[in-house]
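Q: When you get a sec, could you give me coordinates for this:
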Amino acid sequence: MIEAFQYGFMRNALAAGILVSIACGIIGTYIVTNRIVFLSGGIAHAAYGGIGLGYLLGINPVFGAIAFSLISALGMGFVHRRTKERSDTIIGIMWAVGMALGIIFLDLSPGYKADLMSYLFGSILAVPSIDLIIMLILNILIITFVVLYYRQLQAISFDENFAFVVSVPVDQLYLLLVGMIALTVVMTMRIVGLIMVIALLTIPPAISGLFVKDMKRMMVLSSALSILFTFIGLMLSYFLNLTSGATIILVAGASYFLSYLLKKFIFQPSL
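A: Take a look at the predicted model:
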């Protein structure tokens with residue numbers, strides 16, 4: 001097992017997995033607690049427009065994805081706050097338009113887009129060093145945001161009416177939160193791809209939520225589980241010659257169903 005990490009790409013992959021797991025554990029906890037998985041899915045798929053825009057402008061597609069994801073996230077977050085009864089429809093439209101724009105931008109881009117599939121399906125084994133630096137910076141931003149606004153975000157997540165009463169700027173913090181989701185999506189897409197990004201953002205927090213209710217503990221446990229799933233998935237993909245991103249998600253999915261069964265039949269308290 002250790003010999004796998006004699007290669008630089010495997011060490012990069014593990015480092016990327018750890019960085020992404022920390023972000024997913026923290027932000028994923030808020031996604032699951034606030035029940036905004038669909039909104040997060042919309043942000044993830046709209047990010048494809050940013051990838052296409054990056055290719056069109058001749059810049060690193062990650063930077064294009066960051067800009068496009070932030071704009072899409074703020075738009076979807078605003079729609080979700082203001083028109084909740086129809087937000088799913090509007091977010092679905094923005095989701096589709098973002099994907100369509102990405103395809104059009106790619107059609108207009110010169111040259112051959114050899115690594116395009118890595119953004120759709122993930123390519124953790126091909127994460128360059130510059131992306132690790134970007135991931136580290138984004139992680140620092142996410143952790144700083146949560147440390148500064150933890151109590152306010154906790155109030156919004158569990159009792160929004162109370163948050164309003166105590167003068168928490170709910171709408172502004174909500175938009176900041178969806179902005180953090182957008183940044184996490186950009187980090188995660190290089191690991192498992194845009195197709196499966198929501199799985200890594202929601203499965204570890206969902207497992208944690210089965211056993212702990214305190215948000216800090218959920219974040220820590222979610223991050224630890226995500227690191228574990230990434231490591232196991234990497235090892236399996238390396239030795240079995242499987243696609244890394246898909247293997248990581250299957251490990252996480254199988255763990256969720258096992259955890260659910262354990263909770264239901266073994267740890268369920270007697271009435």
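Q: what comes up buried for the helix or strand harbouring L200?
A: Here L200, judged by DSSP states H and E, is contained in helix 197-211. Buried residues in helix 197-211, counted by 16 or more other C-beta atoms under 10 Å: 197-209. Yep, even glycine has a C-beta here, placed from its N, CA and C like the rest.
Q: Next: stretch 223-239.
A: Across stretch 223-239, burial judged by 16+ other C-beta under 10 Å covers 223, 225-231, 233-234, 236-238.
Q: I'd like the buried residues of helix 197-211 written out as TSV, with pLDDT and distance to M135 added.
A: Listed next are the buried residues of helix 197-211 as TSV, based on pLDDT from 0 to 100; distance: C-beta to C-beta, whole Å:
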residue	pLDDT	distance to M135
V197	85	14
I198	87	18
A199	88	18
L200	89	14
L201	91	15
T202	93	19
I203	94	20
P204	94	17
P205	94	19
A206	94	23
I207	94	23
S208	93	22
G209	91	25
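Q: Mind checking which of the buried residues of stretch 223-239 are in helices?
A: 223, 225-231, 233-234, 236-238 (DSSP state H).
Q: okay if I get those residues as TSV plus pLDDT?
A: TSV is the format used below for these (pLDDT from 0 to 100):
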residue	pLDDT
S223	94
L225	95
S226	94
I227	94
L228	95
F229	94
T230	91
F231	91
G233	91
L234	88
L236	91
S237	87
Y238	84
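Q: Nearest to V37 among these?
A: S226 (16.0 Å; C-beta to C-beta).
Q: For S255, see how far away the closest one is.
A: To S255, S226 is 10 Å away according to C-beta to C-beta, to the nearest Å.
Q: same check, this time on G98
A: Distance from G98 to S255, by C-beta to C-beta: 31 Å.
Q: So between these two, which is more surrounded?
A: G98 (25 against 17; other C-beta atoms under 10 Å).
Q: What's the first helix or strand after the helix or strand harbouring M218?
A: Here M218 sits within helix 215-240, counting by DSSP H and E. Per DSSP H and E, the first helix or strand lying C-terminal to helix 215-240 is helix 244-265.
Q: buried ones in that next one?
A: By neighbour count on 16+ other C-beta under 10 Å, the buried set for helix 244-265 is 244-252, 255-256, 259.
Q: Could I get the contacting residues of P61?
A: 50-51, 54-55, 119 (C-beta atoms under 8 Å, 6 or more residues apart in numbering).
Q: switch the cut-off to 10 Å
A: 47-48, 50-55, 68, 102, 106, 113, 115-116, 118-119, 186, 189-190 (C-beta atoms under 10 Å, 6 or more residues apart in numbering).
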